[in-house]
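[1] Only the shape, not the letters, is given here:
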């Protein structure tokens, strides 16, 4: 039985990284799985490098055709792969669509965030879904406030990451190396605060440098801000990287900086923690609060408090023994979130839906 996980576009996002991680692990078990891009012609400001070992199939026709044509192509493709399980990260199906798919197709809706749009997606997919997954207990709790009946149907399965085979070898001397990895967007991510926070720490006397890995509409503005606020040798913009290259970057760095307004899970934080990269993150209700604990496995700062973020970075620069101790606890905390455990949970769900494995 094939497993098909859907994404709208092939862009830089935690959702797409999750799909890569899950499909790769499923295929390691000898099962058939692929990623299906449902709107491959849509404009993508931050494309994601495609993995060589994970099948990524682009649906045709794509974004240049009418919406109903794309839906017809989607249903036709899924029917051609039946019997199969569809992990719907983004697609909504009407009752008529579900009937067209047939009884040999199972549909699992996956909820990645706690925004109004994500809750509406959960409500829209619920009548057609055989099961619903949320990537954190926090999301289930948020949905319960809006729709208690829907929340009772949701199974929480946290994201998993590829755990490093060996401990990272970091140098604790020299400049404090700070990384931001993700979409370069101001909405949600507040990426301009990333540069401003590093500049604030530099102004406080921190010996600090910033690497920005990602792509998006704010890159030019971030670069201009960095030129005006920091010496040129203190920042580098390396563009969108593969998940493996991001992991290598985290292995060399000290701090993972995330200044967001909201976040569903915080997959990049977990990836960094597995490589001993200390989170300095927004103090918000988010999925990452289960593994980022204040003063233990990271430092929490109110979103929008640029000087507070700068002070947290300066503190880690000045107290390298604290930085090293938190780094070690981060590595320990990440061990509970491997892709193997995530895959086990999904396969158990597939079996409950009648999959023959």
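    On my side now, so go ahead. This is a predicted model, so every value here is computed, not measured.
[2] From residue 329, how far out is the nearest residue to residue 3 once chain neighbours are set aside?
    Nearest residue to residue 3, sequence neighbours excluded (CB to CB, 6 or more residues apart in numbering): residue 33, at 4.1 Å. Yep, even glycine has a C-beta here, placed from its N, CA and C like the rest. Look at residue 33 and residue 329: by CB to CB, to the nearest Å, they are 34 Å apart.
[3] In terms of neighbours, single out the busier of these two.
    residue 33 (25 against 16; other CB atoms under 10 Å).
[4] in the helix or strand containing residue 73, what's buried?
    Assessed by DSSP states H and E, residue 73 sits inside helix 67-81. By 16 or more other CB atoms under 10 Å, the buried positions in helix 67-81 come out as 70-71, 73-75, 78, 81.
[5] Let me have those in TSV, extended by pLDDT and distance to residue 277.
    Output for the buried residues of helix 67-81, formatted as TSV (pLDDT from 0 to 100; distance: CB to CB, whole Å):
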residue	pLDDT	distance to residue 277
70	84	39
71	88	41
73	91	41
74	93	38
75	94	42
78	96	39
81	96	39
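[6] What's the local residue count around residue 319?
    12.
[7] Oh, that last question was meant for residue 108, not what I typed.
    Counted with other CB under 10 Å, residue 108 comes out at 23.
[8] Checking it next. Helix, strand or coil?
    strand (DSSP: H, G, I helix; E, B strand; the rest coil).
[9] And it, how close does it get to residue 150?
    15 Å.
[10] and what of residue 77?
    On the measure of CB to CB, residue 77 and residue 150 end up 28 Å apart.
[11] what sits against the residue nearest the centre of the chain?
    Geometric centre of the chain, nearest residue: residue 14, 2.1 Å, by CA atoms, centre = their mean. By CB atoms under 8 Å, 6 or more residues apart in numbering, residue 14 lies in contact with 112, 159, 182, 264-268.
[12] switch to 6 Å and redo it
    residue 267 (CB atoms under 6 Å, 6 or more residues apart in numbering).
[13] Output the contacting helices and strands for the helix or strand where residue 194 lies.
    Using DSSP H and E, residue 194 maps to helix 191-203. In terms of contacts (3 or more CB pairs under 6 Å, 6 or more residues apart in numbering; DSSP states H and E), helix 191-203 is packed against strand 208-213, helix 219-229, helix 306-318.
[14] Among the ones you listed, which comes closest to residue 247?
    Nearest of these to residue 247, taken as CB to CB: strand 208-213 at 10.8 Å.
[15] Any idea how many residues pack against residue 122?
    Applying other CB under 10 Å, I find that residue 122 has 25 neighbouring residues.
[16] which residue sits closest to it in space, ignoring its chain neighbours?
    With sequence-adjacent residues excluded and distances taken as CB to CB, 6+ apart, residue 122 is closest to residue 111, at 5.0 Å.
[17] Need phi/psi at residue 92.
    When read as degrees, to the nearest 10, the backbone of residue 92 gives phi -110, psi 150.
[18] So the nearest residue to it once chain neighbours are set aside, which state does it fall into?
    Spatial nearest neighbour of residue 92, excluding adjacent residues (CB to CB, 6+ apart): residue 124 at 4.5 Å. Here residue 124 is recorded as helix under three-state DSSP.
[19] now residue 124: how far from residue 332?
    In terms of CB to CB, residue 124 sits 39 Å off from residue 332.
[20] Which one of the two is surrounded by more residues?
    Between residue 124 and residue 332, counted using other CB under 10 Å, the more crowded position is residue 124 (15 against 11).
[21] which residues touch the residue of the chain positioned farthest from its centre?
    Centroid-distance maximum for the chain: residue 205 at 32.6 Å, with CA atoms, centre = their mean. Applying CB under 6 Å, 6+ apart to residue 205 gives no contacts.
[22] same thing but at 10 Å, please
    314, 317-318 (CB atoms under 10 Å, 6 or more residues apart in numbering).
[23] Give the PyMOL command for selecting the buried subset of the residues you listed.
    Buried residues among the contacts of residue 205 (16+ other CB under 10 Å), as a PyMOL selection:
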select buried, resi 314+317
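[24] okay, the contacts of residue 205 in TSV with distance to residue 5 next?
    Conversion of those to TSV gives the following (distance: CB to CB, whole Å):
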residue	distance to residue 5
314	42
317	41
318	45
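[25] Can you lay out the contacts of residue 205 as TSV showing pLDDT and distance to residue 278?
    As requested, the contacts of residue 205 are exported to TSV (pLDDT from 0 to 100; distance: CB to CB, whole Å):
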residue	pLDDT	distance to residue 278
314	98	13
317	98	11
318	98	14
